[in-house]
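S.K.: starting from these lines, generate the structure:
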Amino acid sequence: MNTTLITNANIFDGTGQGPFAGDLLIEGNVIKSITPAGQLADTKADITIDAAGKFLMPGMTEGHAHLSFDAFTCTEDLISPSPEAHAYLTARVAKNLLDHGFTSAYGASEAKLRLGIAVRDEINAGRLPGPRVRAGSLEITVTGGMGDESRLHNPRPAESPSIVVDGPEEMRKWVRICCREGCDNIKLDASGDPFYPNTPAHSTPMSLEEMQMAVKTAHAFGKMVNVHARSIESIQNCVIAGVDMIYHAEITDEKTLDMLEEAKDRIFVGPTIGLFHTMLHEGEPHGLPRVVSEAMGIPQMIESSVQTHTELRKRGVRHVIGGDYGFTWNMQGTQARDLQYFVDYYDYSPAEALVCATKNGGLAMRAQGDLGTLQAGMLADMVLVDGDPLQDLGILTDKAKLVMVMKDGTIHSMAPALSA
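M.R.: Okay, the predicted model is just below:
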């Protein structure tokens with residue numbers, strides 16, 4: 001069994017304690033031991049890395065991954081690629097995430113049903129480089145809901161860009177199909193969205209009964225359920241139905257906050273603030289003038305997000321980073337910017353933001369609890385950084401500063417100076 005020894009690192013283990021000078025030994029794909037610096041100095045290993053002056057942390061998780069979205073501006077960009085071309089795009093995005101220190105990708109949804117599944121399987125077989133992947137389904141919506149872009153005079157092809165269902169029995173059938181095809185996560189569009197004027201963010205087209213059927217069916221297959229939920233009713237329905245991951249969750253009231261707090265040990269929440277931030281501040285060069293974002297109500301959505309997720313942070317709800325990267329103004333590979341957004345918008349400390357990216361993401365990926373921290377017995381996913389992210393989280397957006405990326409005990413990339 002191959003062994004890797006990392007010595008003299010400044011170790012941030014993701015558990016919530018402060019960083020410490022230490023050594024770490026990996027055996028196969030598992031962390032064998034972690035000790036204060038110097039205690040493993042005489043240990044023989046197949047690979048030894050002197051990490052003096054470097055910051056060692058768990059690999060990050062993209063908690064709202066759309067692997068098949070890349071440099072798009074509208075729904076047509078998701079529909080038009082051929083399945084063959086789209087598969088290559090998805091594979092490139094997966095590698096890009098791993099290159100940038102994201103060793104896991106929790107799939108929200110994909111543009112075609114089997115894109116995430118196919119790339120996941122190739123990664124697991126060792127034929128493609130990429131993160132651990134929980135493959136997301138197509139989005140499931142209801143007639144008139146977000147994602148239903150058909151009109152009577154201009155119908156969309158079936159299941160493009162979303163699966164449209166009406167009633168619990170249609171929901172049951174399509175969740176079963178997604179599970180049969182190999183999806184790990186089922187995505188529901190329960191609320192509206194600023195991108196859909198006829199279905200605004202505060203609306204809730206999907207019924208509680210439809211959501212309950214989706215959760216019951218997915219859980220019977222051992223799968224997880226993610227929900228696009230911006231409205232009060234949709235968020236409350238998520239808690240009642242027993243979903244696993246809630247995305248966005250901007251519009252709340254005291255009852256909704258209390259419900260989320262009561263469910264904090266079984267539900268993860270992804271605020272996805274990066275999309276709205278970049279729309280408002282960086283959209284202009286990409287054909288999205290600030291005046292358009294303002295007309296869509298994006299400043300108000302950001303204000304609601306700040307109020308809600310700052311309060312959820314105080315109540316101990318488990319946040320994950322990432323979300324809706326892949327637009328031209330919010331590109332894949334830049335997900336680590338979410339860390340600073342969590343500090344700026346939700347008043348997380350840098351260390352707490354890193355826990356969201358590592359420990360919380362790992363728990364979302366694997367309920368076994370063996371991913372997301374650097375501790376003996378945990379899976380060996382980690383990133384070695386040239387610099388201190390606790391002083392400057394922006395370091396993690398610079399691929400050149402990620403001098404070693406390891407997934408499952410295998411080194412994906414390493415700076416030449418470390419391998420000398």
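S.K.: does the residue nearest to the spatial centre of the chain count as helix, strand or coil?
M.R.: By Cα atoms, centre = their mean, the mean C-alpha position of the chain lies nearest to Gly63, the distance being 1.5 Å. Using DSSP: H, G, I helix; E, B strand; the rest coil as the criterion, the local structure at Gly63 reads strand.
S.K.: wait, doesn't it sit right on Gly270?
M.R.: Yes: taking Cβ atoms under 8 Å as the definition, Gly63 is a contact partner of Gly270 at 4.8 Å. Where you see a C-beta, it was placed from the backbone N, CA and C, and this is true even at glycine.
S.K.: which residues are common contacts for those two?
M.R.: 245, 320-323 (Cβ atoms under 8 Å, 6 or more residues apart in numbering).
S.K.: ok, so of these, who is nearest Gln332?
M.R.: Using Cβ to Cβ, the shortest approach to Gln332 within those belongs to Gly322, at 10.4 Å.
S.K.: for the closest one, which non-adjacent residue is spatially closest?
M.R.: Nearest residue to Gly322, sequence neighbours excluded (Cβ to Cβ, 6 or more residues apart in numbering): Glu62, at 4.0 Å.
S.K.: ok, the one you found to Lys314 distance?
M.R.: Computed as Cβ to Cβ, to the nearest Å, the Glu62 to Lys314 distance reads 25 Å.
S.K.: okay, these two: which has more neighbours?
M.R.: Neighbours were counted for Glu62 and for Lys314 using other Cβ atoms under 10 Å; Glu62 has more, 30 against 12.
S.K.: any idea how far Glu210 is from the more buried one?
M.R.: Going from Glu62 to Glu210 by Cβ to Cβ gives 27 Å.
S.K.: now do Gln340
M.R.: From Gln340 to Glu210 the distance is 37 Å (Cβ to Cβ).
S.K.: same check, this time on Ser109
M.R.: With distances taken as Cβ to Cβ, Ser109 is found 17 Å from Glu210.
S.K.: counting neighbours around each, name which of the two comes out higher.
M.R.: Counted by other Cβ under 10 Å, Ser109 and Glu210 do not tie: Ser109 has more neighbours, with 31 against 25.
S.K.: now for that one: which residues touch it?
M.R.: Counting by Cβ under 8 Å, 6+ apart, Ser109 touches 66, 136-139, 185, 187, 226.
S.K.: export those to CSV and tack on secondary structure and distance to Leu97?
M.R.: Below are these laid out as CSV (DSSP: H, G, I helix; E, B strand; the rest coil; distance: Cβ to Cβ, whole Å):
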residue, secondary structure, distance to Leu97
His66, coil, 11
Gly136, strand, 14
Ser137, strand, 19
Leu138, strand, 20
Glu139, strand, 20
Asn185, strand, 16
Lys187, strand, 18
Asn226, strand, 18
